[in-house]
Structures are given as structure tokens and as C-alpha cells.
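*Asks:* how does the following fold in three dimensions:
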Amino acid sequence: MKRMLVLILTLTMVLTLAACGGGKSAEPPVNSGTQTEAPAPETGGDSEAGEDIEGLEPEPGATLLVWESKEERPFVEEIAKQFTEKYGIPVKMDEVGAGDQVTKLTNDGPAGLGADVVLFPHDNLGKAVAAGLVLPNDVFEEEARSANSEIAVQGASYDGILYGYPRSIETYAMFYNKDLVPNPPKSYDEVKEFAATFNDIKNNKYAFMWEIDNFYFAYPFLATTGGYVFGNNGTDKTDIGLNNEGAVQGAKVYASLSKDVLPVKSGDVTYDIKKGLFTGGTLAMNIDGPWAIGDIRASGINFGVAPIPSIDGKPSVSFSGIKAWYVNSYSKYPNAARLFAHFASTKEAQLLDFQLTGALPANKEAAADPSVTGDEIVAGFLEQFKNSQPMPSIPEMGSVWDPIKAAMSTVWNEGKDPKEALDNAVKQINESIGASN
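*Replies:* Numbering: from 1, shown residues only. Have a look, this model is predicted:
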């Protein structure tokens, strides 16, 4: 607990000094197979392909495939274009959700089908390293360590080795329509009071939504009242706190919302559905991450961002995470891939990403830029980030998602006793961890 308090204080200091923050990973899984290619310029741009960069010489004839989620397409298209213009190396993008990439790379990497450069949240790093899927960030390690916040570097490292090229820090918070909710509720009791007067299900009017059975977004209901994933700051796989007294207490609050706030089946609330309702003006409050800022701003609605409502008088505890680029260890063009991962994670690249998608920079100078610090939407995420916990990054985290999702679904949809549902989930997690060791 003391170590966790120190970590929280450290996070707060980083946010205060850098004026920036942010924590499935958490975008909705997307794998449409859609590709975008940035064509190589006729002239080769400012530099010739094969140029020696800090001892790094891209392979002759290199072409790159990058995986990213659809929400980041505007940024990836632009940064790929700039990269190709500068180095003469063509770049293609496949839409693959950040939370799905390590699983997909496990099969596609050895088969030679994986992307050269991937991007995923730090909770997947342990699994990726254990499977030998990613290369260390060796050529640009010193620059990455000095340029990015300490928490970002820690998140992109495993067992003391830096693998990632940090790009963003994020958590999720509550978007609210200012025309419908001038003063956002501070507690779930207040959310219930508002829902009683606002909800009109037949006309698709809802007070409050989140991805109901997605453990990433459901975590506050278990953690705020005392639950946790793994003990010892997320490193002790033998200590699972997802069915302790605090977790059960929070799960009961979660269950009550299925009647008082959001009387729909958990599977009926998807990322796209709730985003459409919010931007359409019939959803008053929406739990989401900074990746949604671009689309919501484009809709033209009058919105703000505030911390997630409290539970039993306690500030809601969300998951936070670090997203970073990684180089596929099976890439045919590892040097070119390293160069792109570096190019797409610089201060300038992170500011571009913030401008186009709302991603919160991990780079310290980018985080202190006036365009970031002066944004009231960012301020809302910073407030929530102060009460966030980093997702565990040990490989065993991969055994947690599905059992807890199933448990939360049965509690929500079938009214199953929270204690029974969570006990069963933890049993499945322990069995999965045991089978994998």
C-alpha cells in the first residue's frame, strides 16, 4: 500500500510539473483489415532511403506495415505520410484494436504476417516479451528515457528493459453534455436521481452509459471500494483481490445501476452505439477515453469532461495505461521499423496526435505545451488520472479479462449474486494461470 501511495504521489507530481496526463487499453477491438498506404514520393523527400541515422541504416527496399485502431487513423495517416516523404519508405496501416494486437501477433508474427510496428497498452507487454514478440528499444533508448515521463518509460519497460517507444498516457473519465447536464453529478447516487427524470428508453434517451461488461471500464466498481487485480502493486499473481469484500461491495452498486440507470442488456452497449447516442444529443453522460475526443469535438456538441462519479463517498479508481510503439521481432525490416517507431513518438509526433485525436502526450515537453495545458478537456482527464491505478503488466494479466467480463455480465443481465459470480471468476483466473505455468 505504501508503494502504491508513493506511485500515486509520483504520478500527481508528474502531472503537476508537466501539466499533462492520461492513463483495453481500452479502445473497442477493431480488425477490419482496411489498409491505408502513404505513397513514396517521386523525389525521395528530404533524405534518401538508406540514410544512416545514429548508426541505424534502414534495409534497402524496406516497406512497413503498421497496426493501429481506427480512432488513430487520422494521426497514423499523417505521420506515415511525413515519414515516407522524409525517408522514402512506404508505410501501410491495418486497423487492429490496440487490445487485440499481442494476441494477433502471437500467430501472425512467426508466420511472417504481422505488422512491422505495433502499438498496444502496457498491460500486454509482459505477455509480448514472454513470447519473444518485440525487440528492445536499443538504438533510441537514451532519447526515449530522457524525453518521456518516468511513468511512461516504466510502462514501456519490462524487467528493467525498455521495449517501447512511449506515445501516450491515458485513463478514462466522464464526458457530459453541458446542455443536458450543466453541473455533472459527483456521485452515483446523483446519477440515479438524474436518470429518474431523464431516461426515456423508447426514444433512446439515456442518462449515463459505459461499456458495461468490459472489465477495463468496469474496474472502478471493484477497485474504488477496495478490490484489486494482483497484490504487491500488480506483480503478485498469487494474490488476486477481485472477489474480496470491497470488490463485492462495489459489484452490488454496479448491479443496482442495471435497474436504476441503464436498464438494457450489457451486450447492447458498444463503443459505437454509445458514441452515436452521445454525439446525437440523446445520451447525457458517457464514460470514455481521450481517443474519443476527436470524434466528439467534430460532432459540434457542447461537452465537458469530469471525474467518474464516486462510489460510497470514495473517488472512483480507474485503470490507467501507457501506449507505446513496439517493433515486431519477426519483422523483415527491423531497422526501418525502429526508425518509424522513433519518428512516430517524438515530441512533434505526440503533439500532432493530440491535435488530431486527443491522445495525451507521454513526452514531457509536449505535455507542457500550451496547446495541451490550456485545454479544459485535458484538465478533466488529469483530475481522474490522479485517482487511477496502472494496469498490471505481468503476463498473467491476460488470464483476467474474460472471466471478469463473464462475471460482470451475469451480475448485470441475470441478477447473479456478485460474491458467487466473482468467486467463480477468480477460480477460473487461478486455473488459467496454473495451466499456463
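*Asks:* heading C-terminal from the lengthiest strand in the chain, find the next helix or strand.
*Replies:* In the chain, assigned by DSSP state E, the strand with the most residues is strand 318-328. Remark: after strand 318-328, the chain's next helix or strand is helix 334-343, criterion DSSP states H and E.
*Asks:* between strand 318-328 and that next one, find me the angle.
*Replies:* Helix 334-343 and strand 318-328 are oriented at 150 degrees to each other (axes from the mean of the first three to the mean of the last three Cα atoms, to 10 degrees).
*Asks:* other SSEs contacting helix 334-343?
*Replies:* Judged by 3 or more Cβ pairs under 8 Å, 6 or more residues apart in numbering; DSSP states H and E, the packing partners of helix 334-343 are strand 64-68, helix 73-87, strand 117-121, strand 318-328. All C-beta spots, glycine's among them, are computed from the backbone N, C-alpha and C.
*Asks:* which among the ones you listed is found nearest to W412?
*Replies:* Closest to W412 of the helices and strands packed on helix 334-343, according to Cβ to Cβ: strand 318-328, at 18.9 Å.
*Asks:* quick check, G112 in contact with Y330.
*Replies:* Yes - using Cβ atoms under 8 Å, G112 is in contact with Y330, at 6.5 Å.
*Asks:* and those two? which has more neighbours close in?
*Replies:* Y330 (19 against 10; other Cβ atoms under 10 Å).
*Asks:* for that one, phi and psi?
*Replies:* The phi and psi values for Y330, taken as degrees, to the nearest 10, are phi -100, psi 0.
*Asks:* thinking it is in contact with L113, fair?
*Replies:* No - contact between Y330 and L113 fails when scored by Cβ under 8 Å: they sit 9.1 Å apart.
*Asks:* got the contact list for I301?
*Replies:* For I301, the contacting residues are N177, D179, F278, T279, G281, by Cβ atoms under 8 Å, 6 or more residues apart in numbering.
*Asks:* helix/strand/coil for it?
*Replies:* Here I301 is recorded as coil under DSSP: H, G, I helix; E, B strand; the rest coil.
*Asks:* ok, F208 - contacts?
*Replies:* Counting by Cβ under 8 Å, 6+ apart, F208 has contacts V191, F194, A195, L257, V261, L262, L283, A284, M285, N286, I287.
*Asks:* ends of stretch 393-400, what's the gap?
*Replies:* 12 Å (Cα to Cα, to the nearest Å).
*Asks:* run a quick neighbour tally on A115.
*Replies:* Neighbours of A115 under the rule other Cβ under 10 Å: 25.
*Asks:* residues in contact with it?
*Replies:* So A115 contacts L65, V66, W67, D94, V96, Q101, L105, D108, N328 (Cβ under 8 Å, 6+ apart).
*Asks:* make it 7 Å
*Replies:* Listed by Cβ atoms under 7 Å, 6 or more residues apart in numbering, the contact partners of A115 are L65, V66, W67, D94, N328.
*Asks:* who does the longest strand of the chain pair up with?
*Replies:* Note on strand 318-328: by DSSP bridges, its sheet partners are strand 117-121 (antiparallel), strand 134-135 (antiparallel), strand 165-171 (antiparallel), strand 388-390 (parallel).
*Asks:* for the ones you listed, which one sits closest to P334?
*Replies:* Going by Cβ to Cβ, the one of those nearest P334 is strand 134-135, 6.2 Å.
*Asks:* now the closest one: average pLDDT?
*Replies:* For strand 134-135, mean pLDDT is 98.
*Asks:* cool, stretch 311-322 as well?
*Replies:* The predicted model assigns stretch 311-322 a mean pLDDT of 95.
*Asks:* tell me which residues in it are buried?
*Replies:* When neighbours are counted by 16 or more other Cβ atoms under 10 Å, the buried residues of stretch 311-322 are found to be I311, K314, P315, S316, V317, S318, F319, S320, G321, I322.
*Asks:* show me what contacts the first one?
*Replies:* Contacts for I311 (Cβ under 7 Å, 6+ apart) come out as Y188, F221, T224, T225, G250, V253.
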